[in-house]
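Novice: from the sequence below, what's the structure:
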Amino acid sequence: MTMPSIAIAEPHEPIRQLNDDELVMDLHLAVRGERRFTTRVIQDLNEMHRRRLHLDRGYSSLHDYCIRCLKYPSSTAGRYIQTARCVRHFPEMLELLRHGDLYMSTIALIEPILTDENKDSILSRVRGVSYRDVQRAV
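Specialist: Okay, here's the model as predicted:
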């Protein structure tokens, strides 16, 4: 199956021509867009999983699909899939990710230990904390 090519919009003017305030604004908009696209990828992966489309297309697992078809490195595919799994069980995680309150790496790290009973406690301990501190806490 051939995927349609998607044109990436180029900036209206070269980045070097932006003044400092414009560059900072451009960066903030890009990060907001990145979060929006990341949450979209996670939602799409969950729907792919629900429909089992990776199997219909000849891939042994969603991880295999992410590596061979989407060209993600294994570690990135694992983080996306683990984050998607966490979002399936705790949908509110998607908004935390979208708003930058939690990062995909943090969600993937806490996913194996997160339960309905400890979710609020764990989330209060990992919001705004560095990845290393979360690793120590987990």
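
Novice: any idea of the pLDDT on the residue lying farthest from the centre of the chain?
Specialist: The outermost residue of the chain relative to its centre, with distances by CA atoms, centre = their mean, is Gln17 at 31.2 Å. In the predicted model, Gln17 carries a pLDDT score of 86.

Novice: do the same with the one 10 residues further on
Specialist: Listed pLDDT for Leu27 reads 92.

Novice: remind me which helix or strand it belongs to.
Specialist: helix 20-51 (DSSP states H and E).

Novice: buried sites along that helix?
Specialist: Of the residues in helix 20-51, those scored as buried under the neighbour-count criterion (16 or more other CB atoms under 10 Å) are Arg35, Thr38, Thr39, Val41, Ile42, Leu45, Asn46, Met48, His49. For glycine as for every other residue, the C-beta is placed from the backbone atoms N, C-alpha and C.

Novice: show me the helices in this structure, by range?
Specialist: Assigned by DSSP state H, the chain shows helices spanning 20-51, 53-56, 62-68, 74-89, 92-98, 104-110, 119-126, 131-137.

Novice: in terms of mean pLDDT, which of those ranks lowest?
Specialist: Set side by side, the helices of the chain differ in mean pLDDT, and helix 131-137 is lowest with a mean of 85.

Novice: before we move on, the earlier item: got CSV for the buried residues of helix 20-51, with distance to Lys119 too?
Specialist: Below are the buried residues of helix 20-51 laid out as CSV (distance: CB to CB, whole Å):
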residue, distance to Lys119
Arg35, 21
Thr38, 21
Thr39, 19
Val41, 23
Ile42, 18
Leu45, 21
Asn46, 18
Met48, 25
His49, 21
